[in-house]
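Enquirer: when you get a sec, could you give me coordinates for this:
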Amino acid sequence: MPQDMKILITAGPTHEPIDPVRYIGNRSSGQMGAALASAALTAGHAVTLILGPVAFPMPPAARRIDVQTAAEMHAAVLREFPSHHLLIMAAAVADYRPKQIHHDKLPRQGVLTIECEPTEDIVAAAAASKRPDQRIIGFSLESAGNLDRAREKLARKHLDLIVYNPTATMSSSTIEATLLWPDGRSEFLGVLPKQEFADILLDRALKWFTLSKAVDTLEL
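Expert: Residues are numbered from 1 along each chain as shown. As a prediction, this is how the structure comes out:
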């Protein structure tokens with residue numbers, strides 16, 4: 001297995017503020033990111049973690065960058081990715097944010113309507129700037145059985161590998177994953193503890209992407 005790689009991993013949710021107290025977010029715990037970081041560190045690679053608001057403990061040997069919003073994660077990924085060989089986009093980024101952020105706490109009164117706008121597509125932006133010696137793995141959290149949606153994301157976002165996983169994975173200690181490659185291959189891994197899955201994913205990725213060559217050529 002190639003050694004001395006630099007791996008960039010995103011994990012956890014993003015919180016998109018409504019007012020100083022409330023936000024739009026999701027139930028992502030960051031467990032998958034922690035497992036991936038542990039697997040990479042154990043294999044001898046350098047790891048940078050870009051984390052949304054998480055309480056789950058992260059490996060202390062990883063370099064850690066904390067963010068709150070999708071915009072902050074977008075900026076951090078585009079800043080850090082050029083100096084890394086592999087990006088694993090495991091964060092559950094909020095798809096929408098309020099168009100207006102209220103500076104004072106909104107009072108509770110009647111029906112509240114919040115107009116939202118899409119957040120940045122972080123993994124697609126990273127893929128647009130990817131060099132030939134870099135690789136990107138995405139995750140597709142979908143309703144059970146919706147593999148076509150994951151395949152569509154793989155192609156549209158120009159990723160090198162995508163992990164399909166059903167919504168029940170979120171906040172769970174296990175993952176039911178299917179790996180999808182651009183050449184049409186797929187591999188169903190079944191239900192696994194997230195740490196076991198992380199070991200398998202890292203092994204598959206490093207073998208498939210032949211990153212040993214990238215380690216020799218990437219100018220850091």
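
Enquirer: let me see the contact set for the closest residue in space to residue 56 that isn't next to it in sequence.
Expert: Nearest residue to residue 56, sequence neighbours excluded (Cβ to Cβ, 6 or more residues apart in numbering): residue 30, at 4.3 Å. The C-beta positions use only the backbone N, C-alpha and C, and glycine is treated the same way. For residue 30, the contact set (Cβ atoms under 8 Å, 6 or more residues apart in numbering) comprises 11-12, 51-52, 54-56, 58.

Enquirer: pick out whichever of those residues sits closest to residue 139.
Expert: Distance to residue 139, by Cβ to Cβ, is smallest for residue 11 among the contacts of residue 30, at 10.2 Å.

Enquirer: isn't that closest one right up against residue 47?
Expert: No - the criterion here is Cβ atoms under 8 Å, and residue 11 misses it with residue 47 at 10.9 Å.

Enquirer: the chain: helices as residue ranges?
Expert: With DSSP state H as the criterion, the chain has helices at 31-42, 70-80, 122-128, 147-156, 194-209, 211-217.

Enquirer: in contact with residue 66, which residues?
Expert: 51, 53.

Enquirer: cool, residue 13 as well?
Expert: Here residue 13 is in contact with 25-28, 52-54, 91-94 (Cβ under 8 Å, 6+ apart).

Enquirer: count of residues packed around the residue nearest to it when sequence neighbours are not counted?
Expert: Leaving aside its chain neighbours, residue 13 sits nearest to residue 28 (4.1 Å; criterion: Cβ to Cβ, 6+ apart). Neighbour count for residue 28, taken as other Cβ atoms under 10 Å: 25.

Enquirer: which phi and psi does residue 28 have?
Expert: phi -60, psi 130 (degrees, to the nearest 10).

Enquirer: out of the helices of the chain, indicate the one that is most buried.
Expert: helix 31-42 (a mean of 25; mean count of other Cβ atoms under 10 Å).

Enquirer: so for that helix, what's the average pLDDT?
Expert: Throughout helix 31-42, pLDDT has a mean value of 96.

Enquirer: just the angle between it and helix 194-209, please?
Expert: 60 degrees (axes from the mean of the first three to the mean of the last three Cα atoms, to 10 degrees).

Enquirer: elements contacting helix 31-42?
Expert: strand 6-11, strand 46-51, helix 194-209 (3 or more Cβ pairs under 8 Å, 6 or more residues apart in numbering; DSSP states H and E).

Enquirer: so that helix versus strand 46-51, what angle?
Expert: Using the same axes, to 10 degrees: helix 31-42 against strand 46-51 is 170 degrees.

Enquirer: and for helix 31-42, what's in contact with it?
Expert: So helix 31-42 is contacted by 5, 7, 9-12, 47, 49, 51, 54, 56-59, 61-62, 88, 90-91, 139, 169, 171-173, 175, 194-195, 197-199, 201-202 (Cβ under 8 Å, 6+ apart).

Enquirer: same deal with stretch 170-185?
Expert: Outside stretch 170-185, the residues within contact range by Cβ under 8 Å, 6+ apart are 26-29, 31-32, 92, 141, 147, 150-151, 154-155, 159-166, 168-169, 186-194, 197, 201, 204, 208.
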